[in-house]
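# mind folding the following:
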Amino acid sequence: IDSNVTLAILAVILYVFGSGPVQGFATTLFIGICTSLFSAILISRVIFEWMLERKMEIPFDNGFNKNAFKNISFDFVGKRKLYYAISTIIIVLGVVFYFKNGGLNLGVDFKGGRTYQVRFERDMNTDDIKKALAPVFKGAALDVKTIGSPNQAKITTTYRVSDNNPNSDKEVEDQLNKGLSTLKAKYDIVQQQKVGPTIATDIVYGAYGAILFSCLMMFLYIVVRFRKWQYGLGSVVALFHDVLIVLSCYTICDGLLPLEIGQDFIAAILTVMGYTMTETVVVFDRIRERLNDSGKTNVYGEERDKLINYALNSTLSRTILTSLTVFFVLLVIFIFGGESIRGFIFALLIGRVIGTYSSLCISTPIVVDFDKKK
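Alright, predicted model coming up:
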């Protein structure tokens, strides 16, 4: 209940106060929550009862992973300062690379650019077009989409978008022709125009406001459910931590991978927030359960740390297995999905790893450090 309600709060607030791609994400997220709950609670139960009625064996492991997570006892609480140091180093590196690279690599959605509608004599692959144009546009943001039939493409680039020279339009078109000529296919430029940013400033600030307000509401819900403000603080800190880590990884890897900040990046960040909140609340629930079972909800000191470590280790199998399930799917898409979505999938990959890490190593230590009364 807790993990799904917190996600639903995020979805509803983003839908009400957001706009554009943020509102679209919120709709998809809320539908996903409802359908996954239906599947987990009803369909899984029906299948299991059907198998049990027929006395079928239902194994949960095999020879390879049997007892894989038994007798694990990582000292998550004791090593929390190490985790703080690791996160701080990554974020500081991100800040250094941010200034070194001259800021974030904003895509066409944020900067605007020139758009060309091109018709080819044969069907074309958008990734091939993008690879042909990347060298001539020298690192500028580039977006290539099929429009109508597979032999037509809409090409948008930020190359010299701020150049007010009257000859710049002609020079950009010359560069376009130079790149397209390497494809060995006849083509015609059907239409061209200069476009402004598709993500307006009010949409961006609306997204910021919706995210901050949703964090506040999730904080209040967790405080009410777990009866300690430290749990709410830990979950919100984990959210901001993960967003900063993803942004830092973007700036550090900029140049190594085609990473641009656009509409899909906003969706990726919101998805990472969803991952983090789900994992964190599940971990918190196991801690609460363990403390309640021990009858020591207000225990402090070494005994409290021991009980929390036991709870974290007992949920480790669930946390790692669910994370790996998503991670492997994203990894396959990252490798074989093409250039156009690689930046988006990269953010989700980093977010999946960091979301798992923060739920165990950041959010819970925050609770421990702020809950030290004797």
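
# just to check, residue 349 is in contact with residue 327?
Yes - the pair residue 349 and residue 327 passes the contact test of CB atoms under 8 Å, sitting 6.8 Å apart. Heads up, the C-betas are built off the backbone N, CA and C, glycines and all.

# these two: which has the busier surroundings?
Per other CB atoms under 10 Å, whichever of residue 349 and residue 327 has more neighbours is residue 349, with 19 against 16.

# for that one, list the residues it contacts.
By CB atoms under 8 Å, 6 or more residues apart in numbering, the contact list for residue 349 reads 327, 330-331, 334.

# scan the residues you listed and report the most crowded one.
Those, ranked by neighbours (other CB under 10 Å): first place residue 330, 21 neighbours.

# can you tell me the element that one falls in?
helix 316-336 (DSSP states H and E).

# now the element after that helix, going C-ward?
helix 342-361.

# beyond that following helix, next helix or strand please.
From helix 342-361, the next helix or strand downstream (DSSP H and E) is helix 363-369.

# give the buried residues for that following helix.
363-368 (16 or more other CB atoms under 10 Å).

# residues making contact with that helix?
Residues outside helix 363-369 that contact it (CB under 8 Å, 6+ apart): 76-77, 80, 83-84, 228, 230-231, 233-235, 237-238, 280, 283-284, 287, 304-305, 308, 312.

# could you find the closest non-adjacent residue to residue 165?
Leaving aside its chain neighbours, residue 165 sits nearest to residue 171 (7.9 Å; criterion: CB to CB, 6 or more residues apart in numbering).

# residue 275 now?
residue 355 (3.9 Å).

# so that neighbour touches residue 242, yeah?
Yes - contact status for residue 355 versus residue 242: in contact at 5.8 Å, counting by CB under 8 Å.

# need the residues touching each of those two.
Residues within reach of residue 355 and of residue 242 at once, by CB under 8 Å, 6+ apart, are 272, 275-276.

# name the nearest of those residues relative to residue 215.
Each of the shared contacts of residue 355 and residue 242 was scored against residue 215 by CB to CB, and residue 276 proved nearest at 11.1 Å.

# so who does that closest one touch?
Neighbours of residue 276 in contact, by CB under 8 Å, 6+ apart: 238-239, 242, 351, 354-355, 358-359.

# give me that answer again for 7 Å
When contacts are counted by CB atoms under 7 Å, 6 or more residues apart in numbering, residue 276 touches 238-239, 242, 355, 358-359.

# strands along this protein, start to end?
Ranges of strands within the chain are 113-120, 142-146, 152-157, 187-195, based on DSSP state E.

# follow-up on the earlier one: separation between the residue nearest to residue 165 and residue 177?
In this view, residue 171 and residue 177 are 11 Å apart by CB to CB, to the nearest Å.
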